[in-house]
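> Okay, here's the prediction I keep looking at, along with the sequence it came from:
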There are 2 protein chains.
Amino acid sequence: MNTYPDNGMAEIAAPASALLIGRGVAADLIAVLVAVTSGEPRVLTIADQRALPSGPFQLAHRSLQSGLRAWVERQTRLPLGYIEQLYTFADRDRGGGEQPVISISYLGLTREQRASGEYEASWRSWYLYFPWEDHRLGAPALIADEFLPRLRAWSDAAGDQFLRQNRWQRAIITFGFEDRPWNEELVLQRYELLYEAGLITEATRGEQQGAFSNAMPNAGQAMVLDHRRILATGIARLRAKIKYHPVVFELMPETFTLLQLQRCVEALAGRLVHKQNFRRLIEQQELVEETGETSQDTGGRPAKLFRFRRDILAERAVAGTKLPISRA
Amino acid sequence: MNTYPDNGMAEIAAPASALLIGRGVAADLIAVLVAVTSGEPRVLTIADQRALPSGPFQLAHRSLQSGLRAWVERQTRLPLGYIEQLYTFADRDRGGGEQPVISISYLGLTREQRASGEYEASWRSWYLYFPWEDHRLGAPALIADEFLPRLRAWSDAAGDQFLRQNRWQRAIITFGFEDRPWNEELVLQRYELLYEAGLITEATRGEQQGAFSNAMPNAGQAMVLDHRRILATGIARLRAKIKYHPVVFELMPETFTLLQLQRCVEALAGRLVHKQNFRRLIEQQELVEETGETSQDTGGRPAKLFRFRRDILAERAVAGTKLPISRA
DNA sequence: GGCCTTATACTCCAGATGAGTATTATCAAG
DNA sequence: CTTGATAATACTCATCTGGAGTATAAGGCC
């Protein structure tokens, strides 16, 4: 998201000897398109689920944002409910030649997901790429069994004492070791930590063939270039956003029960929320209104159906709202 | 920041007839550099205070971020404590020719401000550009006396009823009319509203010479291109950020009193905070430690001097903190 | 009817927040 | 050396908010 001193890795290095090129870089758009179906948060992927959809910026478009929108809608035939810019970075390894590539990444939310791509596009659960991020059924064993010892070892391997302590402290905070609470928003920080520790497949790509590698094949599906990092950025942004902005509704069907809404939020946040408190907050904020209908297929008592009050959007989009996901 | 449907204006339009240019755009960096001195939040400007510093992206740099950092430090000889990307947009009116320009804007915080530019750089209070954003001495008369009637008239002038209501509702929320609370974070939304209503000088630039204009010369100093909009984005981002991230300290001298810290926060937020509660929050978060010294030149009882606990930064940079500025 | 499942209505408590009051320590002016 | 002005600093208090739990209602299914 944003770096303190300069967290590195965000943007790929170019040799310091390269000359100044004032004019003439290529610009790419990269999209993190999200939908939630059957209780899973899904992201649109291409290239055998190993890449995010992307394409060159075309001047024909009014703006970057509308360019992205038009391009996605043409490719997928999905209406995009919400678009937000994520991050821009420069990457010289792309293009193949001397010309650097500037990549502008976007987060987009959509309701449906008839894939319908021109290439083999498919929607995949984002936990395929980040299995350690799903805490709905408790903390995944992967974290305590695999990450904990390896991050510990990596920390201890640091030369100077300050670095050692710094590494371990980041591990503690991001993964909630030593009884710290889990903070679902730190998706990017966790990914970066694992990357630096060499546990992520992508981190060891540039290295020699026979080199020893710490990379864990079971630490999530790898992606092309830094696409997994961009996905992490998108997930983090969305997890933060749903807490104070009514964007969840862009992912919901026209009418829904409160439990469906809750399941959607839980899928995104990767953690469960207290049902009664969730309803209290939703209702007292007047974000939804009853349709008058009820849904029978709940498995229990029929639930009232609600619809998002679009009329309140102008107000709340700017003034903010809340969702009950513990930050502590 | 981010747009709902597509708030327009964010990125300048290019004619729909323009052809696709896959390769070859120019990339510019634009910086919002902020410092706080004598109780005023200041921004570095060039070109007779009518522009933000900017320059072409040079491939010689490791990354966009380090490029920005190196370039600013060379130009101003100021160390940048904190850098954060703001927004990227495409602008075809720039470059003069067919080549579109991609502008990547950054927010940077620095401690001192010996201008020292190569061109005539100077630090200006950002309230010079946004006089309506300073509520430290109460709401500026400008808002009730000038904006209120004009925004009212602009709303009423809308053709259909929905648009009329939408305009006025945005005015109410962003400016706190009709007894709504003032929300200091809505800097960008306010600027966009004034821009759409034609009250901002920049909004009427492209128009005919003799055309009638609503633009108010007293509604803040105008800037080149969309620099004022970028500045608004930076202010909004910073105002939001100081509430949950310990970035204020990047703007403070090595040691400071709690009142100095408070004044700095107030300068940025454009509103006053409750002194006792401010201190309570700062101290219970253990963000600062006493130096043991006291400052005599307070005008009253001497105040303890504090220093920011840099050692806590690694933890808090990621875990977050709080500052007491009412959101309600 | 008994039991499972989910919806929905309330209650409780602890900590955070907003807004005071009271007291203490300096300096400067008379 | 007393009086004011200005701040620092210590407490108090009522309210809000958020997390968690209990109780009851309304369906399906056996």
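On my side now, so go ahead.
> Find the residue closest to the most centrally placed residue in chain A in space, skipping its chain neighbours.
Centroid check for chain A by Cα atoms, centre = their mean gives A:I235 as the closest residue, at 1.8 Å. For A:I235, the nearest residue in space outside its immediate sequence neighbours is A:V187; the separation is 4.7 Å by Cβ to Cβ, 6 or more residues apart in numbering or on different chains. C-betas here are computed from N, CA, C, even on glycine.
> hang on, A:L86 is in a helix, isn't it?
No: secondary structure assignment places A:L86 outside any helix; it is strand (DSSP: H, G, I helix; E, B strand; the rest coil).
> related to what we said a few turns ago, so what's the residue count around the residue nearest to A:I235?
Here the count is done by other Cβ atoms under 10 Å in any protein chain shown, and A:V187 has 26 residues near it.
> doesn't A:L238 make contact with it?
No: under the criterion of Cβ atoms under 8 Å, A:V187 is not in contact with A:L238, lying 9.3 Å apart.
> Roughly how far does A:Q262 sit from DNA strand D?
To DNA strand D, A:Q262 is 13 Å away according to Cβ to the nearest atom of the strand, to the nearest Å.
> In the stretch 101-250 of chain A, where is pLDDT below threshold?
Within the stretch 101-250 of chain A, the set of residues satisfying pLDDT under 70 comprises A:112-119, A:207-212.
> residues near the residue of it found nearest DNA strand D, how many?
When scored by Cβ to the nearest atom of the strand, the stretch 101-250 of chain A has A:K243 as its residue closest to DNA strand D, at 9.3 Å. A total of 17 residues lie near A:K243 under the criterion other Cβ under 10 Å.
> And for A:A144?
A count of nearby residues for A:A144, using other Cβ under 10 Å, gives 12.
> Can you verify it is assigned to a helix?
Yes: with three-state DSSP as the criterion, A:A144 is part of a helix.
> The residue in the stretch 201-328 of chain A positioned nearest to DNA strand C in helix, strand or coil?
Per Cβ to the nearest atom of the strand, the residue of the stretch 201-328 of chain A with the smallest distance to DNA strand C is A:G300, at 2.1 Å. Using three-state DSSP, the secondary structure recorded for A:G300 is coil.
> From the chain's centroid, how far away is stretch A:73-80?
Averaging C-alpha positions (Cα atoms, centre = their mean, to the nearest Å) puts stretch A:73-80 20 Å from its chain's average.
> same check, this time on stretch A:308-318
Offset of stretch A:308-318 from its chain centre (Cα atoms, centre = their mean): 24 Å.
> Export it to PDB, keeping only CA atoms.
Taking C-alpha atoms only, stretch A:308-318 is exported to PDB below (Å, rounded to 0.1, in the frame of the first residue of the first chain):
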ATOM      1  CA  PHE A 308     -29.600  -2.100  -0.800                       C
ATOM      2  CA  ARG A 309     -30.900   1.400  -0.600                       C
ATOM      3  CA  ARG A 310     -29.200   2.900  -3.600                       C
ATOM      4  CA  ASP A 311     -30.700   6.200  -2.800                       C
ATOM      5  CA  ILE A 312     -28.500   6.500   0.300                       C
ATOM      6  CA  LEU A 313     -25.400   5.800  -1.700                       C
ATOM      7  CA  ALA A 314     -24.700   9.400  -2.700                       C
ATOM      8  CA  GLU A 315     -24.700  10.300   1.000                       C
ATOM      9  CA  ARG A 316     -22.900   7.300   2.400                       C
ATOM     10  CA  ALA A 317     -20.300   6.900  -0.300                       C
ATOM     11  CA  VAL A 318     -18.900  10.100   0.900                       C
END
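> what about that stretch and chain B, touching?
Yes: for stretch A:308-318, a contact with chain B is found by Cβ under 8 Å from any Cβ of the partner chain, at A:313-315, A:317-318.
> Can you pull the residues of the stretch 101-250 of chain A lying near chain B?
Listed as neighbours of chain B in the stretch 101-250 of chain A under the rule Cβ under 8 Å from any Cβ: A:102, A:104, A:166, A:169-170, A:173-174, A:183, A:186, A:189.
> Could you work out the most separated pair of the residues you listed?
The largest separation in these, counting by Cβ to Cβ, is between A:I102 and A:Q169 at 33.7 Å.
> From the neighbour counts alone, determine which of the two ranks first.
The neighbour count for A:I102 versus A:Q169, taken as other Cβ under 10 Å, is higher for A:I102 (22 against 16).
> what secondary structure does the more buried one sit in?
Here A:I102 is recorded as strand under three-state DSSP.
> Does A:R42 touch A:A121 like I think?
No: taking contacts as Cβ under 8 Å, A:R42 lies outside contact range of A:A121: 11.5 Å.
> Chain A: helices as residue ranges?
A:64-76, A:141-142, A:148-156, A:161-175, A:187-196, A:227-241, A:258-269, A:275-284, A:313-319 (DSSP state H).
> what does the third one contact?
Think helix A:148-156. Residues outside helix A:148-156 that contact it (Cβ atoms under 8 Å, 6 or more residues apart in numbering or on different chains) are A:164-165, A:167-168, A:171, A:175, A:177, A:193, A:197-199, A:214, A:216.
> Kindly give a single ChimeraX line that selects the buried subset of those.
In ChimeraX, the members of the contacts of helix A:148-156 classed as buried (16 or more other Cβ atoms under 10 Å in any protein chain shown) are selected with the following command:
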select /A:167,168,171,175,177,193,197,198,199,216
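> ok so, going back, and the helices of chain A: which comes nearest A:A90?
When the helices of chain A are compared for distance to A:A90 using Cβ to Cβ, the nearest one is helix A:227-241, at 13.7 Å.
> hmm, back to that, state the distance from the residue nearest to A:I235 to A:A269.
11 Å (Cβ to Cβ, to the nearest Å).
> before we move on, what about A:T76?
Taking Cβ to Cβ as the measure, A:T76 falls 25 Å from A:A269.
> Equivalent analysis for A:E120, please.
Distance, A:E120 to A:A269, by Cβ to Cβ: 30 Å.
> Please say which of these two ends up with more neighbours.
Ranked by neighbour count (other Cβ under 10 Å), A:E120 and A:A269 place A:A269 first, with 24 against 11.
> picking up where we left off before, who has more neighbours, A:R42 and A:A121?
The residue with more neighbours, out of A:R42 and A:A121 and counting by other Cβ under 10 Å, is A:R42; that gives 22 against 18.
> residue contacts, the more buried one?
By Cβ under 8 Å, 6+ apart, A:R42 lies in contact with A:34-36, A:113, A:123-126.
> from those, which is closest to DNA strand C?
Distance to DNA strand C across the contacts of A:R42 (Cβ to the nearest atom of the strand) is lowest for A:V36, with 16.5 Å.
> for the closest one, what are its contacts?
If a contact means Cβ under 8 Å, 6+ apart, then A:V36 has A:42, A:251, A:264, A:267-268 as its contacts.
> That one bridge partners, please.
On the basis of DSSP bridges, A:V36 is bridged to A:P41.
> Quick one, grab the pLDDT at it.
Among the per-residue scores, A:V36 shows a pLDDT of 94.
> closest to B:H135 among the contacts of A:R42?
Nearest to B:H135 among the contacts of A:R42, with distances taken as Cβ to Cβ, is A:V34, at 37.5 Å.
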